[in-house]
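[1] Quick one, fold the following:
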Amino acid sequence: MVLKTLESMGPLHGYGIARRIEQTSGNQLTVQYGTIYPALLRLEQEGYISSEWGVSENNRRARFYKLTRTGRRQLQKESHRWGKAAAILGRFISPSEESI
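    Predicted coordinates for the structure are as follows:
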């Protein structure tokens, strides 16, 4: 979700990423600070995102994250994998007459 958010929105700070994930989910997901920042750190250590300090909309110093080339490749892999998993689950939830 973080990689996809950065792909679609461009560079964002952690709070902005969390709020955008919540907004995209229709407020069905709540992103806790104790979850988002460790995830951002891990993604940065893996080379999927990079960060730099900047100033937020409300004039506060904030770390802004952006997707790297490696992150774009990883997003493609993960999107394919999740699509495949969703299709498999869909077969169990709504089996067609052909598969019965």
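
[2] what phi and what psi does the backbone show at Lys66?
    Phi and psi for Lys66, reported as degrees, to the nearest 10, are phi -140, psi 160.

[3] who's in contact with it?
    6, 10-11, 49-51 (Cβ atoms under 8 Å, 6 or more residues apart in numbering). Any C-beta I mention is one placed from the backbone N, CA and C, and that applies to glycine too.

[4] Buried among the residues you listed? Make that a PyMOL selection.
    Selection of buried members from the contacts of Lys66 for PyMOL, criterion 16 or more other Cβ atoms under 10 Å:
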select buried, resi 6+11+49+51
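
[5] May I see the contacts of Lys66 arranged in CSV, with secondary structure and distance to Gln23 as well?
    Formatted as CSV, the contacts of Lys66 follow (DSSP: H, G, I helix; E, B strand; the rest coil; distance: Cβ to Cβ, whole Å):
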residue, secondary structure, distance to Gln23
Leu6, helix, 14
Gly10, coil, 15
Pro11, coil, 17
Ile49, strand, 20
Ser50, strand, 24
Ser51, strand, 22
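
[6] roughly how far is the longest helix seen in the chain from the heart of the chain?
    Counting residues, the longest helix found in the chain (DSSP state H) is helix 69-93. Mean-position distance between helix 69-93 and its chain equals 13 Å (Cα atoms, centre = their mean, to the nearest Å).

[7] so which of the contacts of Lys66 comes closest to His80?
    His80 lies nearest to Leu6 out of the contacts of Lys66, by Cβ to Cβ, at 18.1 Å.

[8] show me the contacts for the residue lying closest to that closest one once chain neighbours are set aside.
    When the adjacent residues along the chain are set aside, Leu6 lies closest to Leu67, with 4.3 Å between them (Cβ to Cβ, 6 or more residues apart in numbering). By Cβ under 8 Å, 6+ apart, the residues touching Leu67 are 3, 6-7, 48-49, 75.

[9] No more questions from me, cheers.
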